[in-house]
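J.: one predicted model, sequence on top.
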Amino acid sequence: MSTSLDQDANQPTIYQIRVAGHLNPQWTDRFGGMSITLLAEGDTLLTGPVLDQAALYGLLKQMRNLGLPLLSINRIEQS
Amino acid sequence: MRDRMVLPVLTDATGLNHFRTLALYNGAMPAPILTTKLFVPPPRQRIVARPRLIERLDEGFSSGRKLTLVSAPAGFGKSALLSEWNEHIRLTAAQADKNKNRKVKDIPQIVWLALDQADNDLVRFLSYLIAALQRIAPNIGAGALAALQSPQPPPTEALLVALLNEIAAIPHRFVLVLDDYHVIEAKPIDDALAFLLENMPPQMHLVIATREDPDLALARLRARGQLVELRAADLRFTRTEAADFFNRVMGLDLSANDIAALETRTEGWIAGLQLAALAIQGHLAQDAHERRDVAGFIKAFAGSHRFVLDYLVGEVLERRPEEERRFLLQTSVLDRLCGPLCDAVTEQENGRETLETFEHNNLFVVPLDDQRRWYRYHHLFAEVLQARLMEKQPDQVRQLHQRAGAWYERNGLASDAIHHALAATDFERAADLIELQVRPMYYSGMEATWAGWVKQLPDEIVRVRPLLNVYYAMSLLPGDAAESGRRLSQAEYLLNLPAQALEQSQAQVTKASVANQKELQSVPGIIAIARAYCAGILGDESGIAKQARQALDVLPETDHWWRGAAAALLGIAYWNSGDLEAAHQTMTDAVRSLHLGGGLVFSISAKYLLADIRLAQGHLHDAKRICDQALELVAEQDEPAPQGTADLHVVLSEVYLEQNEPDLARQHLETYKELGPYAALVEPRHRWCCAMARLQEASGEPERALELLDEAERQYVGGPVLQIQPIPELRARVWLRQGRLNDALEWARGRTLAVSGEPGYAREFEYLTLVRILIAQSGNEQRKQSLDTAKAFLARLLQAAQDKTLLKSRIEIHILNALANHAQGNLPAAFASLESALTLAEAEGYVRIFTGEGPAMAELLRKLQTRETTQTVHGYIHRLLSAFDPSLSRARSSDSSALIEPLSERELAVLVLLRTELSGPEMARELFVSLNTLRTHIKNIYNKLDVNNRRAAVRRAEELGLL
């Protein structure tokens, strides 16, 4: 397992971002093609490959611009 | 827009041999200031009054804290609150005015700056900041604004210090609001703002509205009690405010339970509550009598998990007419909206009316001016609209951007046109537009923005366009010389393609425009100039000259901008190689080209270099003439003194000190300071200290002179122009004149001053300093032979200087030779050398070069005086000898009825008119100058005649026979 934040250039990291509220599917495009999963308890999971840290911050900024309440961010380790 | 030009000057602050293309600029803003960004948004007609928040804003201001931070996510009513505060202040001021309340002074004025993405360019940010401040202090920062666009912008900190001083002079307190600060990602802007905040005078209070906390050492401000914060928890609507909003403001008459449900569901998020109100209005409009529908909506909304924004915008849109919905989606691609632009994008004709209806219905448009012309959508609303557009009509997006781009292009707003062409992925079109903007953007110092556009183009588009390659290469210097070189080679490759192939590869360019065609002719020359810069970065002096010469060979005669740049580069290269006559010729050409291209502002730093070359050559009169002429041109224009003006005064000061006019020398050094940081070039800024040091030493203050030399060392930034009088050498010479031989020897020990070495021009000053040490050492019996060494040295230096027409060097060499011979007791040889020196020096009025050598020189001159010499030299010797005694020379100048500083021709013309009955404006008309220029002339005349009114000036002028 790598602890480095710099992933293999050919292997974008998968991130999972949890926000409060159910999002419309229309935002998929805006969030760089991340898939949208609606959770029963009323939150949304955005899951998908993120190129690097800069892209991740860009994504978070998009969410900030919508006033989306951010609940958690996780990096999904790939086997 | 007037022409602008680029001069390759001289340095950035990082050190030696860093060349940069820097834009010189003459007065007009590159991109017009969008006044919509400075407009304080008016409060809506009906609002929820928020006295608790207004009170905290008032308190933050009146308690003298520095910063109010309004930090909360989108849609929490940050801008609306500040706009309400502005209105509150306006009303309070009006009331106080009516009551003649003395405390009206405590009521601030608010200036506003709405930031956007493009403001991440420091030049642009500061330009807008100053434009905002000019709303309350019309002339503030005029110099800073010009300096920002100048060839060597002063360090940001110096600029801010000057601006802060101007702010401190504003007679009343004010508030600067920076709205949407979260768009700022550029560290230099955070740093500039932190500096501003740290040093802010008490007149000013800063308010920052942002979606994320700025990087401004908030913890420290908090700890010092200098910060007021309004955050999401403060801004969200309380239940009472929500009730007031729904029932009074929106007139919806909801029950307490409904309001509680909405408030809970949105958690007081104002944008959510506003959308909910619009959705409810929509329901009511559909069936005004069916209240159950409203209750049903609230229940459904409260029970839903959907993101509030998605849910409610959907609700609102569904209830708008189809036509309006289409309008909203189509125009969502626009950052700003006005009727004609919307018409172009929607291909309808009711844009203006539609926008006004939206404003009237509170439908999430924000007016950007008070003429009902420009609007924008509320950011959150626009976000949702854009996402919907992408989902529903992805194919249309491109076309919408194309229409918007075409409209902006027709209306002459190039950077918006480029923005939309890029967004439309219409890259060929964008590339055409970017090519057309290259000169305006470069001239105005916005090359970073221009290069940013090029970076958004796909490589296959850039690769086939010589123009994009060459200017992009230029923008990469001095940082990335390797990539820059690759781009230059690519541009060259394209130009060398057989004509037919070139035509194919750039069909687009050839079709594009006449302007681009013309621009293409300059490309080979610009390539050479860029290579000259690269050579400069590598320290390859001969490479600079070779490339600059090549550039002059191939550049079109009409491209004054680049011809001037190339000539200035070549002039500097000649200077560094010690060929000062060639440097003088070439720099004269540079001045002419730069002046032709852009007038005074463009040519003045080259004029300074030219005057400095003449000074280094020893042609004092010519150096003075160049400075005087340039300063007269500066006085005749109405703009602030351009950068380089102050440096001319340093040259003048050195000339006057050399001619033994210490008072005039001091005056010009004072003028340098009075002109302020914007009028001075960065690179030669240490020169002021060096000149002041010489003046102090001449006035018998050698210790003060040494301090000034230390200061000069601290200010020294280096640059491509050779430092002909290095500071350590200047210091060693002061020590020698103080008799501190050991200190001077310590300096010499660190040097490899081999007598056998080839004394190039670059080290001449160093060698002449060493010669002085050798002469000083000869007082010691064991060191008698050092004089022979010195003389051998001088003979070789003279040989080198003979070749190079270096008048000043030759005078100094002859003087030292005379002193060495005198010390050896060889009087005939001493006299011969001294006479050579006097013959060369007399016409230029040299004094200090002799008197600076102290008693030994005085003794030698007295001995020479007793011998038979020609009458002229005799008079000159007499003048020199009397200059050794400062009291004598002071008496002379005060007795003299002649003017210390003669009137210029222009001033004489004004003087003639002063004798008439004409009024100021009439005189100005007579002379075809502005009233300001006339006043400057009159002020100068009064100063020179030492009078303070018109009648006295006429009387004094008559006494002096000037009239």
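T.: Right, received. Where do you want to start?
J.: how about the residues of chain A near chain B?
T.: Residues of chain A found near chain B (Cβ under 8 Å from any Cβ of the partner chain) are A:19, A:21-27, A:29-30, A:38, A:42, A:44, A:64-68. In short, each C-beta sits where N, CA and C put it, glycine included.
J.: keep only those of the residues you listed that are in strands.
T.: A:19, A:38, A:44 (DSSP state E).
J.: ok, and the closest non-adjacent residue to the last one?
T.: Which is residue A:44. Leaving out its chain neighbours, the residue that sits closest to residue A:44 by Cβ to Cβ, 6 or more residues apart in numbering or on different chains is residue A:23, at 4.5 Å.
J.: where does chain A dip in pLDDT?
T.: Applying pLDDT under 70 to chain A picks out residues A:1-11, A:78-79.
J.: ok, back up a step: which among the residues of chain A next to chain B count as buried?
T.: Among the residues of chain A next to chain B, the ones that count as buried by 16 or more other Cβ atoms under 10 Å in any protein chain shown are A:19, A:21-24, A:26-27, A:30, A:44, A:65-68.
J.: ok, back up a step: now, which of the ones in strands among the residues of chain A next to chain B sits nearest residue B:88?
T.: residue A:19 (36.0 Å; Cβ to Cβ).
J.: contacts only, for that closest one.
T.: A:43-44, A:46, A:63, A:68-71, B:307 (Cβ atoms under 8 Å, 6 or more residues apart in numbering or on different chains).
J.: without its sequence neighbours, what residue ends up closest to it?
T.: residue A:68 (4.6 Å).
J.: same deal with residue B:166?
T.: residue B:140 (4.9 Å).
J.: same check on residue B:817?
T.: Here the residue nearest residue B:817, using Cβ to Cβ, 6+ apart, is residue B:833, at 4.1 Å.
J.: thought residue B:815 was touching that neighbour, still the case?
T.: Yes: look at residue B:833 against residue B:815 with Cβ atoms under 8 Å: they come within range, at 7.4 Å.
J.: so residue B:558: helix, strand or coil?
T.: coil (DSSP: H, G, I helix; E, B strand; the rest coil).
J.: any idea how far it is from residue B:519?
T.: For residue B:558, the distance to residue B:519 equals 12 Å [Cβ to Cβ, to the nearest Å].
J.: ok, residue B:318 next?
T.: 52 Å.
J.: these two: which has the busier surroundings?
T.: Legend: neighbour count by other Cβ atoms under 10 Å in any protein chain shown for residue B:318 and residue B:519, higher for residue B:519 (21 against 11).
J.: might you report the residue contacts of the more buried one?
T.: B:435, B:438-439, B:467.
J.: ok, now residue B:530?
T.: Residue B:530 neighbours (Cβ under 8 Å, 6+ apart): B:470, B:473-474, B:477, B:484, B:488.
J.: isn't residue B:494 up against residue B:466?
T.: Yes: with contact defined as Cβ under 8 Å, residue B:494 counts as touching residue B:466 (4.5 Å).
J.: next SSE downstream of the helix or strand hosting residue B:302?
T.: Counting by DSSP states H and E, the element that carries residue B:302 is helix B:291-303. Using DSSP H and E, the helix or strand that follows helix B:291-303 in sequence is helix B:308-318.
J.: what sits up against that next one?
T.: By Cβ under 8 Å, 6+ apart, helix B:308-318 touches A:21-24, A:26, A:66-67, B:75, B:265-266, B:269, B:271-272, B:275-276, B:278-279, B:282, B:297, B:301, B:304, B:325, B:328, B:380-381, B:383-385, B:388.
J.: next: stretch B:339-348.
T.: Here stretch B:339-348 makes contact (Cβ under 8 Å, 6+ apart) with B:326-327, B:330-331, B:333-334, B:349-355, B:373, B:400, B:403-404, B:406-408.
J.: just the buried members of those?
T.: B:327, B:330-331, B:333-334, B:351-352, B:354-355, B:373, B:400, B:403-404, B:406-408.
J.: of those, just say which sits nearest to chain A.
T.: Proximity to chain A was ranked across those by Cβ to the nearest Cβ; first place goes to residue B:333, at 13.9 Å.
J.: and the closest one, which of the three is it?
T.: Going by three-state DSSP: residue B:333 is coil.
J.: can you read off the pLDDT for it?
T.: Predicted confidence (pLDDT) for residue B:333: 95.
J.: quick one, phi/psi of it?
T.: As for residue B:333, its main-chain torsions (degrees, to the nearest 10) stand at phi -80, psi -10.
J.: repeat for residue B:199
T.: phi -110, psi 20.
J.: what sits against the nearest residue to it once chain neighbours are set aside?
T.: What sits nearest to residue B:199 in space, not counting adjacent residues and going by Cβ to Cβ, 6+ apart, is residue B:164, at 5.4 Å. Going by Cβ under 8 Å, 6+ apart, residue B:164 touches B:196, B:199-201.
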